[in-house]
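Participant: when you get a sec, could you give me coordinates for this:
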Amino acid sequence: MMSFDYDAIRAALPYLGMGMVFTLQLTAVAFIGGLLIGTVLAVIRHLRVPVLDKTVWAYVTVMRSVPLIMVLFWFFFLVPLVLRAMSPSGMSVSVSPQLSAFVTYTLFEAAYFCEIIRSGLLSVPRGQFEGAKALGFSTWQTFTLIIIPQALKAMVPVMVTQAVILFQDTSLVYVLSLTDFVGAASKVAQRDGKLIEFYTFAAVVYLIICSAVAELADYLRHRRQARGTLRVPSTVAANVTA
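Facilitator: The predicted structure is shown next:
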């Protein structure tokens, strides 16, 4: 450690910071987008909507069975070919690496969030549905005001854990020549010949962030276990107009 070059890391902090900004942006967009799409897919599967249910099942199965890096390649290389084939003029269409990353990660995470939210929906007691119908709630009101909020609340620890996995997986964008935090550290390390310094620094940063978020997930899990059984929001009925 006596020969460890801390000055090289300090000099590269602005560039590493830019890589971390992209990593956090990709994580946030993929998490929020994946959660929204995954919730819709989970409801479709939970209600067993004809045709759509099988379509969603096939989508989730494929996405969860194929490595993320393959999905990145598929979107980046195949989508332009499909768009060109669909274009009346046959003009080539390019898809930027940034767009490929954001769309691919969002769609990939949607498949995992679909199963996570569906597990949450199954954890809500059947009596909640029956009580909502007795109060005259529509299916839309039942899910948006009663069922989905409880399912999301039940799955918060799992969703936090999934966010950690997503944060780690963002390093795969190097295959599209994008510069995330790990990519920035790798480029500077190879340029300056400081492989040990920069890879160690990147590992420590990931260790700190992921450990902190993992502790948060454990705290939320223990808190939920301590609180016991889910409770129906008492103010739900007051928010619904006849």
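Participant: so what does the helix or strand R45 falls within touch, helix or strand wise?
Facilitator: Assigned by DSSP states H and E, R45 belongs to helix 6-47. On a contact count with 3 or more CB pairs under 8 Å, 6 or more residues apart in numbering; DSSP states H and E, helix 6-47 meets helix 52-65, helix 97-123, helix 148-154, helix 156-169, helix 181-192, helix 195-227. Every residue, glycine included, has its C-beta placed from N, CA and C.
Participant: which one of these lies nearest to F73?
Facilitator: helix 97-123 (9.3 Å; CB to CB).
Participant: any idea which residue sits dead centre in this structure?
Facilitator: F31 (3.2 Å; CA atoms, centre = their mean).
Participant: the residue nearest to that residue when sequence neighbours are not counted and L36: what is the separation?
Facilitator: The shortest distance from F31 to any non-neighbouring residue, by CB to CB, 6 or more residues apart in numbering, is to A163 (5.5 Å). Distance from A163 to L36, counting by CB to CB, to the nearest Å: 14 Å.
Participant: those two: who's more crowded?
Facilitator: A163 (21 against 13; other CB atoms under 10 Å).
Participant: that one contacts A214, correct?
Facilitator: No: judged on CB atoms under 8 Å, A163 makes no contact with A214 at a distance of 10.2 Å.
Participant: okay, the angle between the helix holding R45 and helix 195-227?
Facilitator: Orientation of helix 6-47 against helix 195-227 (axes from the mean of the first three to the mean of the last three CA atoms, to 10 degrees) gives an angle of 40 degrees.
Participant: C-terminal to the helix or strand encompassing G131, what's the next element?
Facilitator: Per DSSP H and E, G131 falls inside helix 126-134. Using DSSP H and E, the helix or strand that follows helix 126-134 towards the C-terminus is helix 139-141.
Participant: show me which residues of that following helix are buried.
Facilitator: By neighbour count on 16 or more other CB atoms under 10 Å, the buried set for helix 139-141 is Q141.
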